[in-house]
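Visitor: no FASTA, just this:
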């Protein structure tokens, strides 16, 4: 067995049945081995960045390790954005790149780049395989590292000669899990019981730890009002009575108010990202904090926790749940207060009764949420539509919400949707995108067509880079700079060129029919939704400001009137 | 950007790493991105291990850097010379 064949054998041993890649010179031995292999489906994307992002979407939707493959040089450099995206959102990923033959490394050979050097900051770990005998051990360690603790991408750069070298595979052991010692929650429990206004703050760490069930059991047994980060949406499920939705820059008034007023913040699987906390010295000013995370480096990183617990979430949450069931919290008044805030300050997109009115983004997403099945996977891109989805779509599970949280990668949505569709061929997968983001990986329409994936595409088209335009309007004296996209191609014609059915809507009364047509269509389809250019995401907190300094639409209008009067 | 080294706290840390490709680069990359400057660095190899002594300058909490360095797969141990730091504080 040569090195390339061993790589495929390692995939099989780790139950990897789908990989996303693009061939080239220095990875050719692996592609040659793929010809004979029947256990691994290789998905040919049309750009290496899309390979990495599709592997990312696959991993997020399935909970398995996503695998992407590329050649040396430009193949590897094209992967970088996708791998950085996975790194920032702690997505388990294995990256395999070919490298020039060992003897040519450092000679500026054709398609040589220092992959190990240039990717140090965007991986959990990386390897340059220098000896064929090391490959089996590296493959095993890489799979373990990618998925364990705080997951992340692990990159293996493999010179061409190593892929061709004979490998001794004797003594390779399969995956093994090392049980973690249980976390002592007694102090945290006492602090939680002593609080009068405790608040649950959860993030993407819950689903990364496969701890959704344990989290919900705890949320339900404790009755704690709950806020979530962008990546934590869906943690509580669609019916938790204390769910206040997303906090932060585009969070609801209710969620941000609860954070401001709480006396204890129980942070679970979240890293206190600046988009969530706003200015840190104004964040949860009255609260003590218990912080639970798998990554010790996240504890006390940005705010000192009163109690910091590093540990495995499932067992830790189960211990909390047991304690809550034995002795429930007495926080009825606080629960009532939070529900009141949610009623008056939650996200409630109003339906416009005028059938001929232009389509408004939040109202469209709200209808989409009501019409789609509960297990629909929404893969977002980045921009206003992403925030409207976060605000107005009710997610039954965080695995149904694929969004580029940390890196904010425009172009993420379409390849991520492809990955999610491969994770479950029978699920409904919708890429909600904007006209700016869509064009960043539009070539992947060819991948959808090639594999006849029933991915649905919704482009909310405002003919501009809406989020940039919004911030220029609000924070740069409305001086618009390089945001116009009014020369977009005809998206319907473009979709049809790839053999994908497409439909255009632009009026309020077309929303329901448009969405229902999209969902009913057997196969891939694009719904082009023309929306108003001037629509903003409300509320908004100015970058660097405190979450208490929320700007909403009515306030903006009052300010604008004052400016006009002055 | 030049750091004002007179006012910037400095720290001595000792790091033991496995001797793998790019081990030192990883260490230096984390030190830089987490807001510290290397004022002095000595390294000696001992079999499969690298023993590194670093004098660092930076205004961020050194504990944050320590926990980030400990995340590196090639790092075996990171020790902060607290005694030296305390002496500096008294002076």
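Guide: Cool, got the structure. Because the structure is a prediction, the values reported are computed rather than measured. Residues are numbered from 1 along each chain as shown, chains lettered A, B, ... in the order given.

Visitor: Can you tell me what sits against stretch B:10-26?
Guide: The contact list for stretch B:10-26 (Cβ atoms under 8 Å, 6 or more residues apart in numbering or on different chains) reads A:116-117, A:120, A:126-128, A:130, B:27, B:39, B:43, B:45, B:47-58, B:62, B:65-66, B:69, B:72, B:74-81, B:84-85, B:88. Heads up, the C-betas are built off the backbone N, CA and C, glycines and all.

Visitor: same thing but 6 Å
Guide: A:116, A:120, A:128, B:45, B:48-57, B:62, B:72, B:74-81, B:84-85 (Cβ atoms under 6 Å, 6 or more residues apart in numbering or on different chains).

Visitor: what's the average pLDDT for it?
Guide: For stretch B:10-26, the mean pLDDT works out to 94.

Visitor: mind checking how far that stretch is from the chain centre?
Guide: 8 Å (Cα atoms, centre = their mean, to the nearest Å).

Visitor: Type out the PyMOL command that picks the buried ones from the contacts of stretch B:10-26.
Guide: In PyMOL, a selection of the buried entries from the contacts of stretch B:10-26 looks like this (16 or more other Cβ atoms under 10 Å in any protein chain shown):
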select buried, (chain A and resi 116+120+128) or (chain B and resi 50+52+54+55+56+57+62+72+74+75+78+80)
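
Visitor: Can you verify residue A:406 is assigned to a strand?
Guide: No: counting by DSSP: H, G, I helix; E, B strand; the rest coil, residue A:406 is located in no strand; its state is coil.

Visitor: In space, what's closest to it - neighbours in sequence excluded?
Guide: residue A:88 (2.9 Å; Cβ to Cβ, 6 or more residues apart in numbering or on different chains).

Visitor: Quick one: name the residues of chain A near chain B.
Guide: Contact residues, chain A versus chain B (Cβ under 6 Å from any Cβ of the partner chain): A:116, A:120-121, A:125, A:128, A:296-297, A:301.

Visitor: Write out the residues of chain B neighbouring chain A.
Guide: Residues of chain B lying near chain A (Cβ under 6 Å from any Cβ): B:21-22, B:26, B:29, B:64, B:67-68, B:71, B:73.

Visitor: which of those residues are buried?
Guide: Of the residues of chain B next to chain A, these count as buried by 16+ other Cβ under 10 Å: B:21-22, B:26, B:64, B:67-68, B:71, B:73.

Visitor: Identify the farthest-apart pair in the residues you listed.
Guide: The most widely separated members of these, counting by Cβ to Cβ, are B:21 and B:64 (26.5 Å).

Visitor: Just to be sure, which of the residues of chain A next to chain B are found in helices?
Guide: residue A:116 (DSSP state H).

Visitor: Which parts of the stretch 351-500 of chain A are helices?
Guide: Taking DSSP state H, counting those that start in this stretch as the test, the helices found in the stretch 351-500 of chain A are A:361-371, A:384-392, A:413-423, A:435-438, A:445-450, A:466-475, A:491-497.

Visitor: out of the ones you listed, nearest to residue A:235?
Guide: helix A:384-392 (13.0 Å).

Visitor: what's the closest one packed up against?
Guide: When contacts are defined as 3 or more Cβ pairs under 6 Å, 6 or more residues apart in numbering or on different chains; DSSP states H and E, helix A:384-392 packs onto helix A:361-371, strand A:429-434.

Visitor: Out of the helices of the stretch 351-500 of chain A, which one sits most buried?
Guide: helix A:413-423 (a mean of 29; mean count of other Cβ atoms under 10 Å in any protein chain shown).

Visitor: pLDDT (mean, whole number) over that one?
Guide: Regarding helix A:413-423, the rounded mean pLDDT is 98.

Visitor: So which residues of chain B form strands?
Guide: For chain B, the strands defined by DSSP state E occupy B:10-18, B:37-46, B:49-57, B:75-80.

Visitor: want to throw those into CSV with distance to residue A:411?
Guide: What follows is those, written out as CSV (distance: least, Cβ to Cβ, whole Å):
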stretch, distance to residue A:411
strand B:10-18, 36
strand B:37-46, 35
strand B:49-57, 38
strand B:75-80, 34
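
Visitor: Tell me which of the ones you listed sits nearest to residue A:82.
Guide: Smallest distance to residue A:82 across these (Cβ to Cβ): 26.5 Å, for strand B:75-80.

Visitor: average pLDDT for that closest one?
Guide: Here the average pLDDT along strand B:75-80 is 95.

Visitor: With stretch A:274-291 instead?
Guide: Stretch A:274-291 shows a mean pLDDT of 94.

Visitor: Quote the end-to-end distance of that stretch.
Guide: End-to-end distance for stretch A:274-291, by Cα to Cα, to the nearest Å: 16 Å.

Visitor: Contacts for that stretch, please.
Guide: A:188, A:229, A:247-249, A:259, A:262-267, A:299, A:305-308, A:541, A:545-548.

Visitor: how does it look with 7 Å?
Guide: A:188, A:191-192, A:229, A:247-249, A:259-267, A:299, A:302-303, A:305-308, A:541, A:544-548 (Cβ atoms under 7 Å, 6 or more residues apart in numbering or on different chains).

Visitor: Sort out which of the residues you listed are buried, if you could.
Guide: Of those, these count as buried by 16+ other Cβ under 10 Å: A:188, A:191-192, A:229, A:247-249, A:259-262, A:264-267, A:299, A:303, A:305, A:307-308, A:541, A:546-547.

Visitor: Which ones among these lie within helices?
Guide: A:188, A:191-192, A:259-261.

Visitor: out of those, what pair is the most spread apart?
Guide: Of all pairs in these, the most separated under Cβ to Cβ is A:188 and A:260 at 22.3 Å.

Visitor: that older thread, could I get the helices of the stretch 351-500 of chain A as JSON lines with distance to residue A:22?
Guide: Converted to JSON lines, these look like this (distance: least, Cβ to Cβ, whole Å):
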{"stretch": "helix A:361-371", "distance to residue A:22": "33"}
{"stretch": "helix A:384-392", "distance to residue A:22": "27"}
{"stretch": "helix A:413-423", "distance to residue A:22": "12"}
{"stretch": "helix A:435-438", "distance to residue A:22": "21"}
{"stretch": "helix A:445-450", "distance to residue A:22": "11"}
{"stretch": "helix A:466-475", "distance to residue A:22": "30"}
{"stretch": "helix A:491-497", "distance to residue A:22": "22"}
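
Visitor: hang on, the earlier thing: just give me the closest of the ones in helices among the buried ones among the contacts of stretch A:274-291 to chain B.
Guide: Nearest to chain B among those: residue A:188, at 19.9 Å, using Cβ to the nearest Cβ.
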